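> Have a look; sequence and predicted model below, questions after that.
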Amino acid sequence: AGSSSVPRGQHLNANAAGTTEEAKDVPAPTETAPTTPGAANLEAIVGNAVRLATAGGVGGGGGGGAASAYAGRRVADGISQQRLLLILAVLQKRCGIQFRRMDVYVNVVSGIQISRSYGRRQGTESDLAVAVSLVSSLTDIAVRSDTCFVGEIGLLGELRQVASLEKRVKEARRMGFSRIISPPQFRQTKGWRKGGRSKSYASTSSNYSGIEWIQCNTILEALNAGLVSELKMRKGGNRKRHQKQ
C-alpha cells in the first residue's frame, strides 16, 4: 500500500480498474524531441516519494459563434477545478492568452490525484505543467520532451516556490530528464512589487547534479523555456495568432 518512486525510464499508467501497472521501458529523454502538443511532465510528492505524472490539456471550440454568450466548459480530472480557473485567469490577464468560448479539459495521467493535499497546499505544484500543456494545445507548439515542470502560479503571473524543490530536481535527473523548469529557489523580494506592478527578473539556468535547472520568475518565461519554440507576443503582452511553420 506504500508509495514507491518510479524507476529510471519508466512511467506508471492507470488502467480501467483504477489501479496502476508498470509500463514498458522507454529511453531516457536526452534531446529536445517534440512531443504531441498538449502534454507536459510534472512531479508530485506522494508521502515521502516524488512521483512522475503527465498533465494533458485540450482547448477546443465551444458552442455558438463570436457573438454567443457561451463561456465554454471547464473540466478538470486530477486537479481541483479552482486551480484550473485560476490558471486560465492568469494566462488571460498576464500573458494575453485567452480561452474564451472554448471548452477546456485537463487530465493528470498517472493515477495520482493532485487535487488532494500532498503538502502545505492542495496540488499547486502542478500549476506550471497544466498551464504549459494548455498553451501548447492552444498554439499547437509541442512541449520539450526532455523537460519536467514544477511550480505554483500566483495571481500576478509569478511562479511561487514549492516544497522540497532540490529533492524534485534530483529526482527529475534520476528519472532521465535533462532539464527541469521551476520557480527560483530563493526569490528576490526587493522591488518585486512597485507601483502596483510586478517587476520581472531574468530567468537563470545552471547545472545541478547533472541536470539543467532553469529557474523562472514568471509564467511567460517558463512557457518560452519549455516549448520547442517561443510564443510570439504583440506589443503590450498579447499573444499573436500562432502561425504554423
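Great, that's in hand. Numbering: from 1, shown residues only.
> Can you show me the helices along the protein?
Along the chain, the stretches classed as helices by DSSP state H are 81-95, 127-139, 165-174, 219-226.
> From the contact counts, what lies against the longest one?
Contacting helix 81-95 under the criterion 3 or more Cβ pairs under 8 Å, 6 or more residues apart in numbering; DSSP states H and E are the following elements: strand 74-77, strand 102-109, helix 127-139, strand 152-153, helix 219-226. From N, CA and C alone the C-beta is placed, and that goes for glycine too.
> Mean pLDDT added to the helices of the chain, as CSV?
CSV is the format used below for the helices of the chain (pLDDT from 0 to 100):
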stretch, mean pLDDT
helix 81-95, 95
helix 127-139, 95
helix 165-174, 92
helix 219-226, 96
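> Which residues are in contact with residue 57?
Counting by Cβ atoms under 8 Å, 6 or more residues apart in numbering, residue 57 touches 38-39, 104-106, 130, 133-134, 136-137.
> Pull up the per-residue confidence for it.
Reading off the per-residue confidence, residue 57 sits at a pLDDT of 87.
> quick one, which of the helices of the chain is packed in tightest?
Comparing the helices of the chain by mean neighbour count (mean count of other Cβ atoms under 10 Å), helix 127-139 comes out on top with a mean of 27.
> by how many degrees do it and strand 102-109 diverge?
With axes from the mean of the first three to the mean of the last three Cα atoms, to 10 degrees defining the directions, helix 127-139 sits at 130 degrees from strand 102-109.
> Just list what helix 127-139 packs against, helices and strands only.
If you count contacts as 3+ Cβ pairs under 8 Å, 6+ apart, helix 127-139 packs onto strand 39-46, strand 49-61, helix 81-95, strand 102-109, strand 147-149, strand 152-153, helix 219-226.
> residue contacts, residue 127?
For residue 127, the set of contacting residues under the criterion of Cβ under 8 Å, 6+ apart consists of 83, 86-87, 151-153.
> try 6 Å this time
Residues in contact with residue 127 (Cβ atoms under 6 Å, 6 or more residues apart in numbering) are 87, 152-153.
> So which of the residues you listed is the closest to residue 50?
Residue 50 lies nearest to residue 152 out of the contacts of residue 127, by Cβ to Cβ, at 16.1 Å.
> what is the closest one paired to in the beta sheet?
residue 160 (DSSP bridges).
> Check it and give its pLDDT.
Per-residue confidence at residue 152 stands at 95 (pLDDT).
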